[in-house]
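Enquirer: Sharing a model that was predicted from the sequence below.
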Amino acid sequence: MFTKLTKLSKAAAASAAVLSAAAVATAIPAPASAASAPLGGARTVVHFDLAKGQTPENLALAPDGTAYATFAKARQVAAVSRGGSVRVLATLPEPADGGVRTPALGFPLTTGIVRADDGTLYFLYATGTADLTGVWRLRPGGRPQRIAALPAAGLPNGLALDARTRTLYVADSALGTIWRVPASGGTATAWSTDPALAPAGFLGANGLKIHKGSLWATNLDKGTVLRIPVLADGCPGTARVVATGLTGIDDFAFTGHGDQIIAALNTVNQVALIRPNGTHTTVLTAADGLQGPTSIALSGRTVHVMSAAYLTAKDPNLVLARLGG
């Protein structure tokens, strides 16, 4: 996720100093030609209602093609059908103070979401208040309930589920921490506070995925992708930076080709393909319909890209593209 419009200048200034050195060393390559692009056939399939706060922050795909999304500014969880219809499943309670103490942003928002095999949705809510901030659960046909509290001073953002151990991991963008929470609910514990997760003026750890025995995370301020091994005892190993120079990186997904990643670069309105050696190529831009991409998920070779239009304030949407190769 990225930012409230009124915070843009502050966010850009905070991030610029950190990202400038990386940007000089690893400039973002020009978009690939149509003949060689690893993504093709991009088309906008859903236009969300900005006036209703339908700014999609994160998504989780179901086997039937339904995309479950969090609408950050509306404080909602919604189901988006393959045909493009939108059904709101839950609206979370507004904090008593309106969410003005939400770190970095000043408004309450729903963020990361994952789906378990039984259809249960887990998602995050950040409000700047102790009574609402945390991990929430929504069972099919049920009502949302908070199953774990997280610090009011934090901004829970990325969310990953380890189905094998029934453990949820949460990337906290404000506190530079990855929290661990039992999927059944309970007390959150700090799993990693590695300095590579810390913000550098605005937001740090952001997107989060489990892949090949490690937790992978992005850091928005630093424009990096990190890999943190999960050791045999469940503790974290040392974080290693595997890619740099990714301005405004938000959510990401693995393509299924080893450690190859597709990532949303929110602030520059791009999607990048990141190779295992850390190099990257721009594969989608505003010309493909992007409006500040926030999240990415794959179903087979179909790439789903949600855009929240935080900066453009025009057309939050869902773009589909086809993964080549």
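Expert: Yep, that arrived. Numbering: from 1, shown residues only.
Enquirer: what's next to the lengthiest strand in the chain, contact-wise?
Expert: Scanning the chain for the strand with the most residues, using DSSP state E, yields strand 39-47. Residues outside strand 39-47 that contact it (Cβ atoms under 8 Å, 6 or more residues apart in numbering) are 34, 80, 84, 86, 262, 271, 273, 283-284, 288-289, 303, 315-324. Every C-beta, even on glycine, is put in place using the N, C-alpha and C of the backbone.
Enquirer: ok, now with 7 Å
Expert: For strand 39-47, the surrounding residues in contact (Cβ atoms under 7 Å, 6 or more residues apart in numbering) are 80, 84, 283-284, 288-289, 303, 315, 317-324.
Enquirer: Whichever of these count as buried, I'd like them selected in PyMOL; how would that read?
Expert: Selection command for PyMOL covering only the buried members of those, criterion 16 or more other Cβ atoms under 10 Å:
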select buried, resi 80+283+284+288+289+303+317+318+319+320+321+323
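Enquirer: now, which of the contacts of strand 39-47 lie within strands?
Expert: Assigned to strands by DSSP E, the following of the contacts of strand 39-47 qualify: V80, V283, L284, V303, N317, L318, V319, L320, A321, R322, L323.
Enquirer: F48 versus the second one, what's the distance?
Expert: To tie it back to what came earlier, the one meant is V283. Shown here: V283 relative to F48, a distance of 23 Å by Cβ to Cβ, to the nearest Å.
Enquirer: Over to the third one?
Expert: In this view, L284 and F48 are 18 Å apart by Cβ to Cβ.
Enquirer: for the fifth one, same thing?
Expert: For N317, the distance to F48 (Cβ to Cβ) stands at 6 Å.
Enquirer: what residue ranges in the stretch 1-150 of the chain score low on pLDDT?
Expert: For the stretch 1-150 of the chain, the stretches flagged by pLDDT under 70 are 1-37.
Enquirer: which stretches of the stretch 151-300 of the chain form strands?
Expert: Assigned by DSSP state E, counting those that start in this stretch, the stretch 151-300 of the chain shows strands spanning 156-162, 167-172, 177-182, 189-192, 205-211, 214-219, 224-229, 240-243, 249-254, 261-265, 270-274, 280-284, 293-299.
Enquirer: could those go into JSON lines alongside distance to E94 and mean pLDDT?
Expert: Listed next are the strands of the stretch 151-300 of the chain as JSON lines, based on distance: least, Cβ to Cβ, whole Å; pLDDT from 0 to 100:
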{"stretch": "strand 156-162", "distance to E94": "17", "mean pLDDT": "97"}
{"stretch": "strand 167-172", "distance to E94": "22", "mean pLDDT": "98"}
{"stretch": "strand 177-182", "distance to E94": "23", "mean pLDDT": "98"}
{"stretch": "strand 189-192", "distance to E94": "28", "mean pLDDT": "98"}
{"stretch": "strand 205-211", "distance to E94": "24", "mean pLDDT": "97"}
{"stretch": "strand 214-219", "distance to E94": "29", "mean pLDDT": "98"}
{"stretch": "strand 224-229", "distance to E94": "34", "mean pLDDT": "98"}
{"stretch": "strand 240-243", "distance to E94": "38", "mean pLDDT": "97"}
{"stretch": "strand 249-254", "distance to E94": "25", "mean pLDDT": "97"}
{"stretch": "strand 261-265", "distance to E94": "27", "mean pLDDT": "97"}
{"stretch": "strand 270-274", "distance to E94": "33", "mean pLDDT": "97"}
{"stretch": "strand 280-284", "distance to E94": "34", "mean pLDDT": "96"}
{"stretch": "strand 293-299", "distance to E94": "22", "mean pLDDT": "96"}
